[in-house]
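[1] Sequence below, structure please.
(2 chains)
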2 protein chains.
Amino acid sequence: MNVTLEQLFTEARTQNGYLDTPVSDQTLRELYDVLKWGPTSANASPARFVFVRSVEAKAKLVACVGPGNVAKVQAAPVTAIIGMDMEFHEKLPQLFPHADARSWFVGNQPMIEATAFRNSSLQGAYLILAARALGLGAGPMSGFDAAKVDAAFWAGTAVKTNFICALGHGDPSKVFPRSPRLSFDEACRLA
Amino acid sequence: MNVTLEQLFTEARTQNGYLDTPVSDQTLRELYDVLKWGPTSANASPARFVFVRSVEAKAKLVACVGPGNVAKVQAAPVTAIIGMDMEFHEKLPQLFPHADARSWFVGNQPMIEATAFRNSSLQGAYLILAARALGLGAGPMSGFDAAKVDAAFWAGTAVKTNFICALGHGDPSKVFPRSPRLSFDEACRLA
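    Numbering: from 1, shown residues only, chains lettered A, B, ... in the order given. So this is what the prediction gives:
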C-alpha cells in the first residue's frame, strides 16, 4: 500500500477537531494489524489498547481528562487508550518462543517497568503513524488522571495507562499553526 | 516522497547484519529532518541523538553494550544513541512559544522524567520508521549499561540514554524468522 512521507511526517499535523466521518471497527482492526509489526524489545509487545467510541465509554473517559482535553475527547470519533501490561513478560513464551525471555524479567521490577514504559511508548508512536498511513488523523494527549483512567478502563488487570490518542478524520480548519523544531545541530551530534 | 506500508511495517524486519554500503552524513541529516516532525507532548522534543560512526566512537560504545549486542554495533555503519534531555523544558520558550509551557514542568521532577522518557521513546520510534522510509534498516537495542553510555557520550549534559539503534543497509540473509504478534482480541478492546 502506497503512502507518502509527507502524509506520515513532514506535512502531518496533530489534529484538534474531526470531521463527522465515522471510523469503523474494521478500520481499527486494520490499524492494529499494521502497528503490531513495529519492533519491541524481545518482541514483548507490552502495549494494550482500548478504543473508546460509545457514548458511555466516552463519558467515562471525559471524566478522567484535564480541562484542555475534554473537548478533544468529546469531538473525536475514537480515542485510543494506550496501556502497558506490567505482566507483559508472562506472554513471552508465546511471543519469543526460541528462548526463555520470561526469565530475564521475573523478579526484576525496575526492568519490567522501564521495558513496559519504553516499548508501549514505541507502540503508541507506531499507532500514530499507522493511523496517518491509513488516512486518519491523530491527537495524542497526556493530560489526564492516570489513576482514574486505570480504574475506569483497566480494573482487574495489570495494565496501566501510558497515554491517550484521539483518532478520526481530521478537520484541517482546526489545526494550530505549526511550532518550530530543534535544528540538527541543536538535537544531534555526529561521533 | 512515496513509501509503502510494507516497507514501514508489514514486511519490515529488525536487522542483525548490514551490507557494506556507507550511510552518509547527508542521509543522517535527512533522517533527523523527517523524524523531527513527529508529535511530542507540548512539542517538547526531548530526544537527543548521537550518531556513532567513527572507529573511536564505535569502540567506546561497544565497551558499554551487553555481549549479545557487541557484534551488532560493530557490524552496523551507524548506531544512533537516543538520549533524553532531562532539562528539555528549558527549550520550551523556543519550541512552544505561545504559552509558558516551561512553568508546567519546573519543580515537578516526576512529570519531567515521565515526559522525557515517554516522548523520547516516541521519537525513537519515529527514528526507526523514518529510517525505514529512507531505505535504511534499523536494529533497536536496549541491552547496554546506561550509566556507562551516559558517561561516555553525554558527560557534562543533562541527557540520559534511553535506547540505542543500529542503522544501515540491512543484509536480508541475517534476518531472524519472524516472531508472532498478539491478535487484536488479545491486545485490544472496543469500548
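
[2] Spatially nearest residue to the most centrally placed residue in chain A (excluding sequence neighbours)?
    Of all residues in chain A, the one closest to the mean position by C-alpha atoms, centre = their mean is residue A:124, 3.1 Å from it. Distances taken as C-beta to C-beta, 6 or more residues apart in numbering or on different chains place residue A:82 nearest to residue A:124, at 4.3 Å, with adjacent residues excluded. Bear in mind the C-beta positions are built from the backbone N, C-alpha and C, glycine included.

[3] Tell me how far the top strand by length along chain A lies from the chain's centre.
    As assigned by DSSP state E, the longest strand anywhere in chain A is strand A:159-168. Strand A:159-168 sits 5 Å away from the centroid of its parent chain (C-alpha atoms, centre = their mean, to the nearest Å).

[4] wait, does stretch A:98-118 contact chain B?
    Yes. Against chain B, stretch A:98-118 shows contacts by C-beta under 8 Å from any C-beta of the partner chain at A:98, A:115, A:117, A:118.

[5] Can you mark which positions in that stretch are buried?
    Judged by neighbour count using 16 or more other C-beta atoms under 10 Å in any protein chain shown, the buried positions of stretch A:98-118 are A:101, A:102, A:104, A:105, A:112, A:114, A:115, A:116, A:117, A:118.

[6] Next, count neighbours for residue A:87.
    Residues near residue A:87, counting by other C-beta atoms under 10 Å in any protein chain shown, number 13.

[7] do residue A:167 as well
    When neighbours are counted by other C-beta under 10 Å, residue A:167 registers 28.

[8] what's the spacing between the nearest residue to it once chain neighbours are set aside and residue A:14?
    Spatially, and ignoring its direct neighbours in sequence, residue A:167 is nearest to residue A:78 (4.4 Å; C-beta to C-beta, 6+ apart). Residue A:78 is 16 Å from residue A:14, where distance means C-beta to C-beta, to the nearest Å.

[9] which of these two has more neighbours?
    The neighbour count for residue A:78 versus residue A:14, taken as other C-beta under 10 Å, is higher for residue A:78 (25 against 21).

[10] Kindly state the pLDDT recorded for that one?
    Listed pLDDT for residue A:78 reads 98.

[11] Relative to residue A:151, how far out is it?
    Look at residue A:78 and residue A:151: by C-beta to C-beta, they are 21 Å apart.

[12] hang on, the earlier thing: I'd guessed the residue nearest to residue A:167 sits against residue A:50; true?
    No. In this structure, residue A:78 is not within contact of residue A:50 by C-beta atoms under 8 Å, at 10.1 Å.

[13] what distance separates the start and the end of stretch A:162-173?
    End-to-end distance of stretch A:162-173 (C-alpha to C-alpha, to the nearest Å): 29 Å.

[14] packing partners for the longest helix seen in chain A?
    Longest helix in chain A, counting residues (DSSP state H): helix A:109-133. Helix A:109-133 is packed against helix A:25-35, strand A:47-52, strand A:78-85, helix A:102-105, strand A:137-141, strand A:159-168, helix B:109-133, with contacts defined by 3 or more C-beta pairs under 8 Å, 6 or more residues apart in numbering or on different chains; DSSP states H and E.

[15] Using TSV, lay out those together with distance to residue A:63.
    Converted to TSV, the helices and strands packed on helix A:109-133 look like this (distance: least, C-beta to C-beta, whole Å):
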stretch	distance to residue A:63
helix A:25-35	23
strand A:47-52	12
strand A:78-85	13
helix A:102-105	34
strand A:137-141	15
strand A:159-168	13
helix B:109-133	21
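
[16] Relative to residue A:6, which of the ones you listed is closest?
    Taking C-beta to C-beta, helix B:109-133 is the member of the helices and strands packed on helix A:109-133 nearest to residue A:6, at 10.9 Å.

[17] And the closest one, how far out from the chain middle?
    That offset, for helix B:109-133, works out to 7 Å (C-alpha atoms, centre = their mean).

[18] quick one: the one helix or strand residue A:149 maps to to strand A:47-52, angle?
    Element membership for residue A:149, per DSSP states H and E: helix A:146-153. Interaxial angle of helix A:146-153 relative to strand A:47-52 (axes from the mean of the first three to the mean of the last three C-alpha atoms, to 10 degrees): 70 degrees.

[19] What are the buried residues along helix A:146-153?
    For helix A:146-153, the neighbour count (16+ other C-beta under 10 Å) marks A:146, A:149, A:150, A:152, A:153 as buried.
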